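*Asks:* Any chance you can model this:
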Amino acid sequence: RMSIFPRVSIRTASCYAFALSASLILTGVSAHAAPEQAGVAAAVRGNVLLASATDRPQGALSDVIGRDISSGDVIFLGDEIETGPESGLQIMLLDETIFTIGHSSAMTIDTFVYDPSTSAGEVTARILKGTFRFVSGQVAKAQPDRMSVKLPTGTIGIRGTSAAGVVNGLSSQVVLLGPGPDNN
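*Replies:* Residues are numbered from 1 along each chain as shown. Coordinates of the predicted model:
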């Protein structure tokens, strides 16, 4: 049992995903029009920082390294997000993939491509340190081989599931999670 992750219900996660979709539609941004956007921060608690960033589009807001991340902030491809002690957040992607990182953790979304009409695309993330959990979304459901999570010691190939783990230096431990009494 891992108590390090904030508990967010499926209903809450669905509301965040809906809000992200509505926000993107209202602002005229789509997965194809702004490929540099990976997702949105949600359920932020404690000290969460933008540790490093790639080039941003002209006029992007709040692209200062070291700035605090808040719920609703856009996460761009290549942004390294780092949490402090007693902190955590979720990163929600448009395909409904959800990454959660716990305290003293860091991760980056390297690739996010998604076509909502076919659920085709690609998702690649790197867990740099700390605790993490993810629930795969539509890309992994449609094309499991098009989603992967990289760790310092290897890569997790996704087959439409969820997993949790800890990265500590060059050591990684991963547990596959899923529905049903024999899968947790």
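*Asks:* State the three-state secondary structure for K141.
*Replies:* Secondary structure assignment for K141 (DSSP: H, G, I helix; E, B strand; the rest coil): helix.
*Asks:* do you know how far it is from I69?
*Replies:* 28 Å (CB to CB, to the nearest Å). Where you see a C-beta, it was placed from the backbone N, CA and C, and this is true even at glycine.
*Asks:* Ok, V113 next?
*Replies:* To I69, V113 is 23 Å away according to CB to CB.
*Asks:* For these two, indicate the residue with more neighbours.
*Replies:* I69 (23 against 16; other CB atoms under 10 Å).
*Asks:* For that one, which residues are in contact?
*Replies:* For I69, the contact set (CB atoms under 8 Å, 6 or more residues apart in numbering) comprises A41, V44, V48, L49, L50, I75, I81, L89.
*Asks:* Strand partners (parallel or antiparallel) of the helix or strand harbouring the second one?
*Replies:* Following DSSP states H and E, the helix or strand that holds V44 is strand 37-45. For strand 37-45, sheet partners with direction are given as strand 74-76 (antiparallel), strand 88-93 (antiparallel), following DSSP bridges.
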